[in-house]
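Chemist: Here is the input, now give the coordinates:
(one chain, ligands or ions: 1)
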Amino acid sequence: MNKKRIAIFASGSGTNAQKVFEYFENHNEAEVVLLLCNKKGAGVLERAKRFGVPTFNFSREEFYNTQSVLDRLRKDKVDALVLAGFMWLIPTYLVEAFPNKIVNIHPALLPKFGGKGMYGMHVHEAVKAARESETGITIHLVNEHYDEGSILAQFSCRIEPNDSPDEIARKVQVLEHENYAKVIENLVLNKF
Ligand code: GAR
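Modeler: Coordinates of the predicted model:
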């Protein structure tokens with residue numbers, strides 16, 4: 001059987017991308033074949049190199065006004081797209097090319113603390129300011145709107161009253177690293 005072919009989109013440090021590289025490194029049914037990145041010098045590019053995953057850099061202009069990303073995904077026969085700390089809105093042409101096969105991880109319990117501008121530490125600062133007693137992660141399908149696709153899985157953790165935004169971020173990151181790759185596996189192997 002041919003392995004399912006995964007492409008990861010990431011913009012930053014890439015700790016989640018790394019967990020996904022590790023999980024699929026010796027997997028029998030799926031593999032990571034490409035890392036796409038919109039930031040020159042992003043930490044995730046080094047991580048991809050260490051795992052021997054080819055990288056593809058693109059600009060905003062290329063992403064929104066050309067077919068170069070789609071052409072590359074087609075050339076590499078990609079089956080599913082994984083967003084791992086990728087902050088740009090996914091354009092309609094990609095949503096249509098990969099129906100129900102684009103997945104994102106969001107560092108809060110959607111529908112709370114989602115939408116434009118809600119990413120990274122901004123999310124944890126907003127959660128702290130709202131005096132929430134729990135937070136967590138949401139893994140969801142992607143459509144043309146920020147954080148609005150169907151939810152595939154959520155995992156939560158407690159927030160203690162004196163937890164700082166950094167401490168909240170740490171707890172959330174543990175959940176991300178433990179869970180994202182397994183949910184991706186279920187999606188690409190059609191187990192939902
Ligand atoms: C992760 O916490 C991810 O949930 C978040 O960016 C971080 C990337 O970290 N994504 C969003 O906020 C999307 N709205 P990483 O580069 O270490 O994987």
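Chemist: Now do the SS call for the residue in the chain that the ligand sits nearest to.
Modeler: Residue nearest to the ligand within the chain: G85 (2.6 Å; C-beta to the nearest ligand atom). From N, CA and C alone the C-beta is placed, and that goes for glycine too. What DSSP: H, G, I helix; E, B strand; the rest coil gives for G85 is coil.
Chemist: Help me confirm that it comes into contact with G12.
Modeler: Yes - using C-beta atoms under 8 Å, G85 is in contact with G12, at 4.6 Å.
Chemist: And these two? Which one has more around it.
Modeler: Per other C-beta atoms under 10 Å, whichever of G85 and G12 has more neighbours is G85, with 23 against 18.
Chemist: Run through the neighbouring helices and strands of the longest helix anywhere in the chain.
Modeler: Across the chain, the helix with the greatest residue count (assigned by DSSP state H) is helix 165-188. Helices and strands touching helix 165-188, by 3 or more C-beta pairs under 8 Å, 6 or more residues apart in numbering; DSSP states H and E, are strand 4-10, helix 15-25, strand 80-83, strand 102-106, helix 120-129, strand 134-141, strand 151-158.
Chemist: and with 7 Å instead?
Modeler: Packing partners of helix 165-188 (3 or more C-beta pairs under 7 Å, 6 or more residues apart in numbering; DSSP states H and E): helix 15-25, strand 80-83, strand 102-106, helix 120-129, strand 134-141, strand 151-158.
Chemist: Return the residues in contact with the spatially closest residue to N28 that is not a sequence neighbour.
Modeler: Closest residue in space to N28, ignoring its immediate chain neighbours: K3 at 7.5 Å, by C-beta to C-beta, 6 or more residues apart in numbering. By C-beta atoms under 7 Å, 6 or more residues apart in numbering, the contact set of K3 is 29-31.
Chemist: switch to 10 Å and redo it
Modeler: Contacts for K3 (C-beta atoms under 10 Å, 6 or more residues apart in numbering) come out as 24, 27-31, 33, 79, 188.
Chemist: do P165 as well
Modeler: For P165, the contact set (C-beta under 10 Å, 6+ apart) comprises 121-129.
Chemist: and the residues you listed, which are buried?
Modeler: Among the contacts of P165, those buried by neighbour count (16 or more other C-beta atoms under 10 Å) are 123-128.
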